[in-house]
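Peer 1: Turn this into a structure:
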Amino acid sequence: MQNLKNNELEFLKEIAIQLTENTYGEDTFTNYRAKGKIKLQEQAKNFYNESYKEIKSLYINLIKNK
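Peer 2: Predicted coordinates:
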């Protein structure tokens, strides 16, 4: 698979986290930004992981490989 730069990965992660927050609202996080790290609840974490994979795939196939 295509190698992505750090700023590209951060962009994709940000889209996935915003989508997760929009979907789960207040139920997204267990302990919001504890020690600077985001802790997602289990269901939100699964949603985030799937969303990230889909967004990354779309990005690579529709933008990066053009």
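
Peer 1: I'd like to know how many residues surround residue 48.
Peer 2: Close neighbours of residue 48, defined as other C-beta atoms under 10 Å, add up to 21. In short, each C-beta sits where N, CA and C put it, glycine included.

Peer 1: Report pLDDT for it.
Peer 2: With respect to pLDDT, residue 48 scores 97.

Peer 1: Likewise for the one 5 residues further on?
Peer 2: At residue 53, the predicted lDDT confidence score is 98.

Peer 1: start the count at 785, not 1, going forward
Peer 2: OK, 785 is where the count begins now, so the last one is residue 837.

Peer 1: measure it to residue 791 for me?
Peer 2: Residue 837 is 19 Å from residue 791, where distance means C-beta to C-beta, to the nearest Å.

Peer 1: out of those two, which sits in the more crowded spot?
Peer 2: Using other C-beta under 10 Å, the more surrounded residue of residue 837 and residue 791 is residue 837, with 12 against 8.

Peer 1: In three-state terms, label the more buried one for me.
Peer 2: Secondary structure, DSSP: H, G, I helix; E, B strand; the rest coil: residue 837 is helix.

Peer 1: ok, for the residue nearest in space to the middle of the chain, nearest residue in space, not its chain neighbours?
Peer 2: With distances taken as C-alpha atoms, centre = their mean, the residue of the chain nearest its centroid is residue 800 (2.9 Å). Nearest in space to residue 800, with sequence neighbours left out and distances taken as C-beta to C-beta, 6 or more residues apart in numbering, is residue 836 at 4.0 Å.

Peer 1: Now for that neighbour, how many residues are close by?
Peer 2: 18.

Peer 1: can you pull the contacts of it?
Peer 2: Residue 836 makes contact with 796-797, 800, according to C-beta atoms under 8 Å, 6 or more residues apart in numbering.

Peer 1: Among those residues, which are located in helices?
Peer 2: Taking DSSP state H, the ones among the contacts of residue 836 that sit in helices are 796-797, 800.

Peer 1: could I get those as TSV with pLDDT and distance to residue 811?
Peer 2: Shown next, in TSV, are the ones in helices among the contacts of residue 836 (pLDDT from 0 to 100; distance: C-beta to C-beta, whole Å):
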residue	pLDDT	distance to residue 811
796	97	23
797	96	20
800	97	16
